[in-house]
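Novice: Structure here, sequence nowhere to be found:
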Ligand SMILES: Nc1ncnc2c1ncn2[C@@H]1O[C@H](COP(=O)(O)OP(=O)(O)OP(=O)(O)O)[C@@H](O)[C@H]1O
Ligand SMILES: [Mg+2]
């Protein structure tokens, strides 16, 4: 099947003054159309850095990234992607509705289409009642849900989510999970990073585990259980692997 994301020998180096940090080090993987792909690794492993490279937001020191077989930095590929950043830093003096209109406008979606879609999405993330409230009055979980709605405004073929469920209450987490699975069933592709291993285990078709910018393991959660026994959760497996 068609690869939606291809990462080949990716290396990313941050330079600060005289210091150099190799945040991603020769990483290889591919995400196929229709997959839910989980991206795991301890703090500082290089997940966000890899995600930014996939979105064309930062340059690689080596290797190559493509989405939809194209350079991720060109508008034609970006149009098909929805992105939920690790930290939602939005304009505090906007309402969620205004924010979605702003992002929709960037994608060139007409105001007429946006009116319906905005209502639909804010309902989906359970913010319909707050759609005209200033975001400066929102809790962390509410902002996180606005961010998820924002990532869906262009009805993307590929959804890239950087720790989407962080800070969400259990019901909101379940809702987000259900939405991700529904999108997959509609043929969309989802790539997401997470520290919530039990959740990753439930919904992911495949996972990769990163440490120090390098790939430790690529697997299907089910295969790990087949290989190690059903008592081995992804969480246990992750601990063993990362501890080494
Ligand atoms: N802008 C930056 N300048 C310099 N170093 C950076 C920068 N951003 C990240 N790093 C470093 O690159 C490495 C990878 O960071 P990254 O944010 O990609 O990790 P992560 O896997 O997303 O971690 P977390 O789980 O905490 O979100 C870390 O060592 C970090 O300190
Ligand atoms: Mg991160």
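Specialist: That came through fine. Given the structure is predicted, the values throughout are model-derived calculations rather than measurements. Ligands and ions are numbered 1, 2, ... in the order given.
Novice: where exactly do the helices run in this protein?
Specialist: 47-54, 75-78, 96-106, 111-124, 140-151, 170-185, 197-203, 221-228, 234-243 (DSSP state H).
Novice: Tell me the spacing between residue 238 and ligand 1.
Specialist: 13 Å (C-beta to the nearest ligand atom, to the nearest Å). For the C-beta atoms, the positions are set from N, CA and C on the backbone; glycine is no exception.
Novice: I meant residue 24, not that one.
Specialist: 7 Å.
Novice: So which residue is dead centre in this protein?
Specialist: Nearest residue to the geometric centre of the chain (C-alpha atoms, centre = their mean): residue 161, 1.5 Å.
Novice: What sits closest to that one if chain neighbours are left out?
Specialist: Spatial nearest neighbour of residue 161, excluding adjacent residues (C-beta to C-beta, 6 or more residues apart in numbering): residue 192 at 3.9 Å.
Novice: which residues pair with that neighbour across the strands?
Specialist: On the basis of DSSP bridges, residue 192 is bridged to residue 38, residue 161.
Novice: burial measure for it, as a count.
Specialist: By the measure other C-beta atoms under 10 Å, the count of residues near residue 192 is 24.
Novice: so for stretch 26-39, what's the average pLDDT?
Specialist: Computed over stretch 26-39, the mean pLDDT rounds to 97.
Novice: so what's the residue of the chain found nearest ligand 2 up against?
Specialist: Closest contact between the chain and ligand 2, by C-beta to the ion, is at residue 48 (3.2 Å). Residue 48 sits next to 86, 162, 193 when contact means C-beta atoms under 8 Å, 6 or more residues apart in numbering.
Novice: Same check on residue 206?
Specialist: 35, 37, 38, 218, 219, 220.
Novice: rerun at 7 Å
Specialist: Residues near residue 206 by C-beta atoms under 7 Å, 6 or more residues apart in numbering: 35, 37, 218, 219, 220.
Novice: just to revisit the earlier point, residue 84 is in contact with the residue nearest to the centre of the chain, correct?
Specialist: Yes - when contacts are counted by C-beta atoms under 7 Å, residue 161 is listed as touching residue 84 (4.5 Å).
Novice: Pull up the overlap in contacts between those two.
Specialist: Common neighbours of residue 161 and residue 84 (C-beta under 7 Å, 6+ apart) are residue 151.
Novice: In contact with the residue nearest to the centre of the chain, which residues?
Specialist: 84, 151, 192.
Novice: so which of these would you say is closest to residue 100?
Specialist: residue 151 (10.5 Å; C-beta to C-beta).
Novice: neighbours around the closest one, how many?
Specialist: 22.
Novice: what helices or strands is the lowest-mean-pLDDT helix or strand in the chain leaning on?
Specialist: When each helix and strand of the chain is scored by mean pLDDT, DSSP states H and E, helix 221-228 comes last, with a mean of 80. Judged by 3 or more C-beta pairs under 7 Å, 6 or more residues apart in numbering; DSSP states H and E, the packing partners of helix 221-228 are helix 234-243.
Novice: can you rerun that using 10 Å?
Specialist: In terms of contacts (3 or more C-beta pairs under 10 Å, 6 or more residues apart in numbering; DSSP states H and E), helix 221-228 is packed against helix 197-203, strand 206-211, strand 214-219, helix 234-243.
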